[in-house]
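1. Okay, here's the prediction I keep looking at, along with the sequence it came from:
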Amino acid sequence: MSIVAVAPTLQGAFEARLNQLNARFVANALMEEMSSYNETLTNCLNSECELNRPRRQARGFFSHFPRYSEILNYMSALAARHPKNCRYESLGRTFEGRHIAALSISLNSRGQARRVAYIQAAAHGREWITPLTVLYLANELLNNLRAFRRVLEDVEIYLVPLVNSDGYEYSFTTDRFWRKNRHRYAGRTCAGVDINRNFPNNWNYNGASQNLCSEVYSGTGPISESETAAIARYLEYNRHRVKLSLDVHSFGKFLFYPFGYSRNVAAPTRNLLHSVAQRAANQIAKYRGTQYTIGTSAGILYEASGGLDDYAYGNLGIPMSFTVELPGENFHVARSDIIHICKETFAGFIEFIRHVSLY
């Protein structure tokens, strides 16, 4: 079988010649689909239409779990294809020297200062599904800018899909369930710091450990890790612009908001945070019925201090800060389910981002 691309103006003559040769062929309806796509965009300009519009969607990349280099190549390619709307950069380097790569997406990448929606993933190495959901968001937005113009109006979306690339790679090569980064200490057998226990809000207060061999080892002090320091530098420098912080994890189907360090402390804007999370959960459920539980990690699961959500909200004053725990079973996601988790999570991301305009 051969696949041939033919210009629309030559399609009739080409098909006539194939018929003369008694060749069997199937005409691709791509041009008709694109015509329908453009017509729909013209007739659907209201924000409530955005998720229902036909869109150019990614295929092959979201059918497997890519390694570090493939993820960076994909991010670089997105920025190269969309230079006016996407910037590819490095926030810093990990303990082992890998880039903490980021994408900045906006309608005009060199425009005025905008409110920022910050989204990161893969702070824990074993959570393979998480970077794919963030990259899917980037792909959908950049390949459908016209469809999501209202979402992107006056908003910069800043994405860090792979925070803990050292731990992520180690989970492929050595230990599938590795959680921490790969910080090694001289004379010690155990290694690694839990990045999500290393932020300075109530550091090492609850749900963390000073035992190096523990999975929740919180480090030698707040922001002791290069990965945490890179994130903190970006957020602190942009603290007056960042209105939304999302930390994407797996698994469990939870949407958490502050405070996670104690079940006895409530966020002053708890009702607003709960309402925003509920709206995002409602959008996620529309795709295939996936139900998320909403609340604080302390109230639903366990107390945990030193997380990004508490730090962004409590220390930096970022008004909307959440942790997303994606679906999965013991960190395993079937390859056939990757695209579905990406699609339903995309709807939740868009709903979160919509609320940035409130600030």
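-> Cool, got the structure.

2. What residues does the residue nearest to N204 when sequence neighbours are not counted make contact with?
-> Counting by C-beta to C-beta, 6 or more residues apart in numbering, the nearest residue to N204 once its immediate chain neighbours are dropped is S218, at 4.6 Å. Any C-beta I mention is one placed from the backbone N, CA and C, and that applies to glycine too. Contacts here follow C-beta atoms under 8 Å, 6 or more residues apart in numbering; on that basis S218 touches V193, D194, R197, N198, W203, N204, A208, S209, Q210, S305, G306.

3. Check the first one and give its pLDDT.
-> Here, the pLDDT recorded for V193 equals 98.

4. pretty sure it contacts G219?
-> Yes. In this structure V193 lies within contact range of G219 using C-beta atoms under 8 Å: 4.2 Å.

5. Overlap in contacts, those two.
-> Counting by C-beta under 8 Å, 6+ apart, the contacts common to V193 and G219 are H183, E225.

6. For the helix or strand hosting M75, which helices and strands make contact with it?
-> Under DSSP states H and E, the secondary-structure element containing M75 is helix 68-81. In terms of contacts (3 or more C-beta pairs under 8 Å, 6 or more residues apart in numbering; DSSP states H and E), helix 68-81 is packed against strand 86-93, strand 99-105, helix 129-143, helix 165-173.

7. what angle do the second one and strand 86-93 make?
-> Meaning strand 99-105. Interaxial angle of strand 99-105 relative to strand 86-93 (axes from the mean of the first three to the mean of the last three C-alpha atoms, to 10 degrees): 150 degrees.

8. Helix 129-143 and strand 99-105, what's the angle between them?
-> If you take the same axes, to 10 degrees, strand 99-105 sits at 30 degrees to helix 129-143.

9. next one: the helix or strand that strand 99-105 is followed by to chain centre, how far?
-> Where DSSP H and E defines the elements, the next helix or strand beyond strand 99-105 is strand 115-121. In this view, strand 115-121 has its centroid 8 Å away from the chain centroid, taken as C-alpha atoms, centre = their mean, to the nearest Å.

10. Partner strands of strand 115-121 and their direction?
-> Applying DSSP bridges, strand 115-121 is found paired with strand 155-160 (parallel), strand 242-250 (parallel).

11. just the angle between the first one and helix 68-81, please?
-> With the same axes, to 10 degrees as the criterion, the two stretches strand 155-160 and helix 68-81 enclose an angle of 160 degrees.

12. mind saving the C-alpha coords of strand 155-160 as CSV?
-> Coordinates of each C-alpha in strand 155-160 appear next as CSV, following Å, rounded to 0.1, in the frame of the first residue of the first chain:
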residue,chain,number,x,y,z
VAL,A,155,-2.9,35.1,30.0
GLU,A,156,0.5,33.5,29.7
ILE,A,157,0.5,29.7,30.3
TYR,A,158,3.8,28.6,31.7
LEU,A,159,4.4,24.8,31.6
VAL,A,160,7.1,22.7,33.2
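
13. And the contacts of it?
-> 91, 100-106, 114-121, 134-135, 137-138, 141, 231, 234, 241-242, 353, 356-357.

14. what's the answer for stretch 273-290, then?
-> In this structure, residues lying in contact with stretch 273-290 by C-beta under 8 Å, 6+ apart are 51, 253, 255, 257-258, 267, 291-292, 294-295, 320-322, 327, 340, 343-345, 347-352, 355.

15. Please consider this matter closed, and thank you.
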